[in-house]
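# Please find the sequence and the predicted model below.
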Amino acid sequence: MSHHDFHVSKGLSINHSSHDYAAPDEPPPPMISSEGVVAIDITRKFVEAAKTLEPGELVKDGYFTLFESVGALEIMDPKMDSGCLAPGESLDDDYDVARPLLPSEVMGIIDQLLCLEMAWHLGYPLSQTLLTNVYIEAILNPAPGNLQEAHFIRDPESEAAQDSMFTVLRAYCLGLLKSCWYVNERIKFEHYYEEEDFVTNTYHRSLLDNIDRDEIRDEIMSARRLVHSLRPKIMDDVADALSFRLELRAAFLRAIELSELRSSPESLSLPWSQMKAVWEPINKSRHLGTPVPEAFSTKLQRRLASTMPPRPIVQLSFEETYEHFKKLFVDAIDVLKVLNYVDSQSLLNFVLTFQAQKPQPLVYIRTLLQNFLFKDMVILGHLSIRHVIDDDLSIVVLPCSRHLDPANDDVEVPHDARFAIAHQMELFRQRAAQSYLDIFRAFCQNRCRVRRTLCHSIQDWETVQLDAEEIDQLLQVQLDEQPICYSTTLSPPDPNPTYSLPLSSWAYLYKLRLMEWIVQLGFELETYQPDELPGMYWYLSFLAKTRAQHAERIKGFASYRYNELRFHGALTPALEAQFNRSASYLRLTILDAAVTWELSDALTRLYVALARLRCITPPPRPYSSDELRYDIRMKPFSLIQLPELPSYEAFRRETEQADKSTAELLDAAQRSVGGARRGYERLSKMTEKEVFTVGAHERWVKGTKSCLRSVIAASIAIATVGKIVGEGDGGDAGGRLVVEVPRAEACYHDWWIVPKVTERK
Amino acid sequence: MFWGAFKCTDSESNIILKHTYEYRHPSLQRQAEEIAAAGGTVKMDMTSRYLGLVVVPGRHIVKIEAEEFVSQMRKPLPSAGARLGALAGVAATSSTTSEGSSVVGGVV
């Protein structure tokens, strides 16, 4: 396919490009009658020649492959040929757009357009949604050259053009189409997945891109005035209902206009709040509308320049439409808060928690978020990439360090250490910036794509880590760093002195977190079979412990540096504040890793116990072996050298813990659960500054409390199983239990699949 | 009528066309509307739309035409087989009047 650059996002892009949509690379339509071309009737010759072929023998163009022919539309097959008419069916719709409409009918049409608009937002193409409406199609085809032509009544002199109800409907349609144009452009510009998330095909309809937004807004305003002036004639509540709907369109255009700025959330959120407010009365007034189903038809698909077979109109109920739009407005107001930058970790947590919502925000909102983050390579409209990376480095690995001292940039003497430091740091940033920002962009995709993208990202981060280590070693020399024996709370002090290697430590920490997220998203997306859960939770625990140890190492070096500065009396309040911020972060990530491994360990042991009691049995898999399946399942991690993927034997041994009795396992599980519970309780009480969730604290607390509920559920399950095992009647203890492994969405938190265990009555 | 680049055929004259455009005579209803509006005879274009790759089952084919450039017309060759190989396009070029659908493909 020749359109690889069709969806490259203009900001930073993820490693692999999005799925290419095969936009028809059509040749221009032929001149059907021309002096220089003659058509010769060859019917008889052709058919006779064809008959001489053997069945199955083909005559074909040398470059044409049968593989391509799979996509051919079969003419006269009603499922594929949208032009194929049933007997008695007429080609065109016989709907007359000039037929007079009652106000309630205008409302009915508008309300159905709202349902179709939301269906489009949800990912259905225009050919199955908005372009099935006769009025919309009449406005767009033939393409209007200016505002006056943008009407389903093309003759401005005719009586129909003066009709008030037509004016109102037209104004609504103009507002609708123009806002769809903006939404479509926004989505095309950012990173998304065609046909998974959204279909941007406009079937050669222009969606009014050549007509000025302000002129359209004026039309809407004058339509509102018109409605108001008709009040004696049409009922008040109908007039109000129409007016609200027009107001919605005007506000939407204003909201879109403001979203191109990246200033303060308070000023940008006004039109969204307005839409949210007017949406309620719109919903309450829909009983006043009279549906006009004849104004919507799949026959219009025939006229679209489409290589698709005929497809049904996607009909959302108004109840569903109401909920989706409500969420759209709420999410839009929420996403604006990302513009209030506090620090890089809060920014990351904002994106993580925002995207983890169920249901996930609509594609349009996700692309708005990307726009706010990355447009023109200026983060959130006012920050350089360097600022954000340096901020993150100072929080995670390098508080108060000479690496990040901005004064280094001013040194022009080449053999000065600071010059070299500035140069090396710049090289590091160039190397790491794309990977770092790609984490944010990855999380703006749909959840399946997030996981798939992260599987590729960790390979990338492995090389970032290696390159960073080289830079670290160069910098060690420039900084004249001495290796030290750092001490941590988790492990005994390493007797061999080591260097801090901050930049590669930073990269390693991100790599570990990405690996953990891959496993956790696997739970969320129901990737693992119930019998795989103990193994996967064991691996998650392994990664979390590695992360904690690594964070301790970073903390050890940071403490050393802190003490060093304090000893030399060089600690200013500003530097002290930086240290405190970093210390806060490291404490947080260690605590987070701790609760993760504790709960994971508990679940591993619980699931192993259930497996031993034969409450969860693997299905028969006669064509594979456990080891082969392990290799496949762990494939994304197998190329990572650090931490190295455990061998299958080690994995099996550690998971199954065959040397421990079931009772011992359950005791250990209960202790782990206790640790997790204390940890989560502590986390849920921390302030937003301590957990780096400024702007997203409420969402984060909700998530943490869900984890706490999962912990408690696990505790109950472990106790139930423990009781049965303790009563040990030797026989079929497992038979006394009813075990259900719930779906991710049925769990308190979709990263913690806690089995429901009850005693059989 | 379907106009496209000939790509493949078999013993039953099922034809695969690439970059196909579909042409239809305007519906009788619209013809009637236009004639009424103009008050007499009227010239209407066929409607067209792009379809892309299509396969036209042989049993539905009424007529097959090949386009030739006037400047390059040769005398008709005796064997139809060789002729098939030389075709670049399979099409029809009638424009205004209606009946007798000179179409390769779908029959209304």
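Structure's in. What do you need? Bear in mind that the values here come from a model prediction, so they are computed numbers and not experimental data. Residues are numbered from 1 along each chain as shown, chains lettered A, B, ... in the order given.
# Now do the same contact list for the residue nearest the centre of chain A.
Central residue of chain A (C-alpha atoms, centre = their mean): A:Gln445, 2.7 Å from the mean position. For A:Gln445, the contact set (C-beta atoms under 8 Å, 6 or more residues apart in numbering or on different chains) comprises A:191-193, A:197, A:366, A:453. From N, CA and C alone the C-beta is placed, and that goes for glycine too.
# again, 10 Å this time
Shown in contact with A:Gln445 (C-beta atoms under 10 Å, 6 or more residues apart in numbering or on different chains): A:14, A:18, A:191-193, A:196-197, A:355, A:360, A:363, A:366, A:370, A:451-453.
# which one of those residues is nearest A:Val741?
Nearest to A:Val741 out of the contacts of A:Gln445 is A:Arg451 (C-beta to C-beta; 20.2 Å).
# buried stuff in the longest helix anywhere in chain B?
Counting residues, the longest helix found in chain B (DSSP state H) is helix B:28-38. For helix B:28-38, the neighbour count (16 or more other C-beta atoms under 10 Å in any protein chain shown) marks B:Arg30 as buried.
# Let me see the mean pLDDT of it.
Computed over helix B:28-38, the mean pLDDT rounds to 74.
# so after it, what's the next helix or strand?
Where DSSP states H and E defines the elements, the next helix or strand beyond helix B:28-38 is strand B:47-56.
# and the helix or strand that that following strand is followed by, what other elements does it pack with?
Following strand B:47-56 in sequence order, the next helix or strand is strand B:65-69 (DSSP H and E). Counting contacts by 3 or more C-beta pairs under 10 Å, 6 or more residues apart in numbering or on different chains; DSSP states H and E, strand B:65-69 is packed against strand A:37-41, helix A:43-51, strand B:2-9, helix B:80-86.
# and if we set it to 6 Å?
Packing contacts for strand B:65-69, counted by 3 or more C-beta pairs under 6 Å, 6 or more residues apart in numbering or on different chains; DSSP states H and E, involve strand A:37-41.
# which one's the longest helix in chain A?
The helix that spans the most residues within chain A, counting by DSSP H, is helix A:573-612.
# distance between the ends of stretch B:66-73?
Start-to-end span of stretch B:66-73 (C-alpha to C-alpha, to the nearest Å) is 12 Å.
# So which bits of it are buried?
Using 16+ other C-beta under 10 Å as the test for burial, stretch B:66-73 gives B:66-68.
# ok so, going back, can you tell me the helix or strand for the residue nearest to the centre of chain A?
Here A:Gln445 is assigned to no helix or strand, by DSSP H and E.
# From A:Val754, how far out is it?
Distance, A:Gln445 to A:Val754, by C-beta to C-beta, to the nearest Å: 28 Å.
# hmm, back to that, quick one: residues in contact with the longest helix of chain B.
With C-beta atoms under 6 Å, 6 or more residues apart in numbering or on different chains as the test, helix B:28-38 has contacts from B:42, B:44.
# quick one, that helix and strand B:47-56 angle?
Helix B:28-38 and strand B:47-56 meet at an angle of 160 degrees, taking axes from the mean of the first three to the mean of the last three C-alpha atoms, to 10 degrees as the criterion.
# Just the residues contacting stretch A:506-523, thanks.
Contacts for stretch A:506-523 (C-beta under 6 Å, 6+ apart): A:396-397, A:451, A:454-455, A:457-458, A:461, A:464-465, A:468, A:528, A:540, A:543, A:546-547, A:751, A:753.
# In ChimeraX, select just the buried ones from these.
Applying 16+ other C-beta under 10 Å to these, the buried members can be selected in ChimeraX as follows:
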select /A:396,397,451,454,455,457,458,461,464,465,468,528,540,543,546,547,751,753
